[in-house]
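A.B. asks: build me a model from this:
(one chain, ligands or ions: 1)
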Amino acid sequence: MKLLFTIDQYVIAESLEEAYELNQSRRNVILGGIMWLKMGKKRIGKAIDLSALDLHKIEEDEDCFYIGAMCTLRDLEVHPGLKKYFNGIIEKSVESIVGVQFRNGATVGGTVFSRFGFSDVLTVLLALDTYVELYKGGIVSLSDFMDMPRDNDILVKIIIKKDNRKAAYVNQRKSATDLPILACAVSNVGNTWNIVLGSRPAKAQLISLRLSESLNEEQINEIINVVEDKIVLGSNDRGSKEYRSILADVFIRRNIEEILLGGNHED
Ligand SMILES: Cc1cc2nc3c(=O)[nH]c(=O)nc-3n(C[C@H](O)[C@H](O)[C@H](O)COP(=O)(O)OP(=O)(O)OC[C@H]3O[C@@H](n4cnc5c(N)ncnc54)[C@H](O)[C@@H]3O)c2cc1C
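C.D. replies: Residues are numbered from 1 along each chain as shown. Model (predicted):
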């Protein structure tokens, strides 16, 4: 019985063009941190390593963060600039993912390109003004990318705009490092409120509403009703649709309160 993936040939790509050309064959695969790939049993022709392409950097200027595809989740977690921004929700989005050793391996490219339905990271990135730079496809918003069919392009970097939005994130898990039962991120910039539900158990979905910067109880209820109406929740072995619906109500309210209070929510 075959238990592991196998690789016929390992190639360190010398350019993105070379990596892209190799990736057009269905037997070949781009390697991120291989944490997900190694759980499968695929027989890979050429394994394409991007680590010589200078994609390990997190850079920032006045307007944006630029995060290379080969940055690890741990790089996101400990980066001083990212920690300061958006109420620290990027750090919060990765801190429950398995353990530090794992997060030192798993990459931003593998995480974002895979568009996993259970992703904490995508739930949070969708609540921010995030873009994906694809080698052939150019720069597209993360919310458009979430709906694009999977192809053989290469994710080069993600870009997060520093627009001073306030943000908050909560999730529920059966145990500390399990996959989330539900993930919920909320952000606010000016009059716009962005609500994202992830691990529904389908891929994260964003709803944006224009209301006012400070919300009253009636407006918070309105947000919850719109989300209930537009975002479909489901059941799996981690939780029922009904349970997720109760969590969604509580989490949206908690995140909004945290943003309105300008600090961390006290349980
Ligand atoms: C046991 C386990 C538990 C997990 N728990 C959680 C969790 O609780 N919350 C959460 O949010 N996530 C979780 N994850 C997902 C994890 O955080 C990573 O998203 C996942 O491991 C993929 O990242 P990677 O670097 O390992 O990608 P890889 O395994 O190397 O690659 C995954 C896929 O992405 C493709 N790929 C990689 N890089 C690129 C690129 N630059 N361009 C195009 N395609 C690319 C690969 O070809 C492959 O198809 C878990 C994963 C595992 C294995």
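
A.B. asks: could you use CA atoms for every contact and neighbour count after this?
C.D. replies: Will do.

A.B. asks: off-centre distance for the lowest-mean-pLDDT helix or strand in the chain?
C.D. replies: Taking mean pLDDT, DSSP states H and E as the measure, the chain has helix 80-84 as its least confident helix or strand, at a mean of 93. From the chain centre to the centre of helix 80-84 is a distance of 17 Å (C-alpha atoms, centre = their mean, to the nearest Å).

A.B. asks: hmm, who's touching the helix or strand that comes right after it?
C.D. replies: Next in sequence after helix 80-84, counting helices and strands by DSSP states H and E, comes helix 89-94. Applying C-alpha atoms under 8 Å, 6 or more residues apart in numbering, the set of residues contacting helix 89-94 from outside is 73-74, 76-78, 82-83, 103, 120-121, 124-125, 167-169.

A.B. asks: how does it look with 6 Å?
C.D. replies: Applying C-alpha atoms under 6 Å, 6 or more residues apart in numbering, the contact partners of helix 89-94 are Glu77, Asp120, Val121.

A.B. asks: can I get the CA coordinates of the helix or strand hosting the last one in CSV?
C.D. replies: Spelled out, that is Val121. Using DSSP H and E, Val121 falls within helix 120-127. Provided in CSV are the C-alpha atoms of helix 120-127 (Å, rounded to 0.1, in the frame of the first residue of the first chain):
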residue,chain,number,x,y,z
ASP,A,120,-8.1,30.8,9.4
VAL,A,121,-5.6,32.8,7.4
LEU,A,122,-7.8,33.4,4.4
THR,A,123,-10.7,34.4,6.7
VAL,A,124,-8.5,37.1,8.1
LEU,A,125,-6.9,38.2,4.9
LEU,A,126,-10.3,38.6,3.2
ALA,A,127,-11.3,41.1,5.9
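
A.B. asks: strand partners (parallel or antiparallel) of whichever helix or strand comes after that helix?
C.D. replies: For helix 120-127, the following helix or strand on the C-terminal side (DSSP H and E) is strand 130-134. Under the criterion DSSP bridges, strand 130-134 sits next to strand 138-141 (antiparallel), strand 155-161 (antiparallel) in its sheet.

A.B. asks: helices or strands next to the helix or strand that the first one is followed by in the packing?
C.D. replies: Going down the chain from strand 138-141, the next helix or strand is helix 142-147, by DSSP H and E. Helix 142-147 sits against strand 130-134, with contacts defined as 3 or more C-alpha pairs under 6 Å, 6 or more residues apart in numbering; DSSP states H and E.

A.B. asks: tell me the mean pLDDT over the strand it packs on?
C.D. replies: For strand 130-134, the mean per-residue pLDDT is 98.

A.B. asks: check stretch 13-30 too.
C.D. replies: Stretch 13-30 comes out at a mean pLDDT of 98.

A.B. asks: and Glu213, what pLDDT?
C.D. replies: Note on Glu213: pLDDT of 89.

A.B. asks: verify the stated contact: it with Val189.
C.D. replies: No - using C-alpha atoms under 6 Å, Glu213 makes no contact with Val189, being 7.6 Å away.

A.B. asks: more neighbours, the two?
C.D. replies: Val189 (16 against 13; other C-alpha atoms under 10 Å).

A.B. asks: who is that one paired with across the strands?
C.D. replies: When bridges are called by DSSP bridges, Val189 pairs up with Thr192.

A.B. asks: if I look at it, how far off is the ligand?
C.D. replies: 25 Å (C-alpha to the nearest ligand atom, to the nearest Å).

A.B. asks: for the closest residue to Val100 other than its chain neighbours, which three-state class applies?
C.D. replies: Spatial nearest neighbour of Val100, chain neighbours left out: Arg74 (6.9 Å); criterion: C-alpha to C-alpha, 6 or more residues apart in numbering. Here Arg74 is helix, with the state taken from DSSP: H, G, I helix; E, B strand; the rest coil.

A.B. asks: what segments of the stretch 151-267 of the chain are helices?
C.D. replies: Shown for the stretch 151-267 of the chain, the helices assigned by DSSP state H, counting those that start in this stretch span residues 217-230, 241-261.

A.B. asks: deepest of the ones you listed, which one?
C.D. replies: Most buried of the helices of the stretch 151-267 of the chain, by mean neighbour count (mean count of other C-alpha atoms under 10 Å): helix 241-261, with a mean of 18.

A.B. asks: quick one: it to chain centroid distance?
C.D. replies: The answer for helix 241-261 is 19 Å, by C-alpha atoms, centre = their mean.
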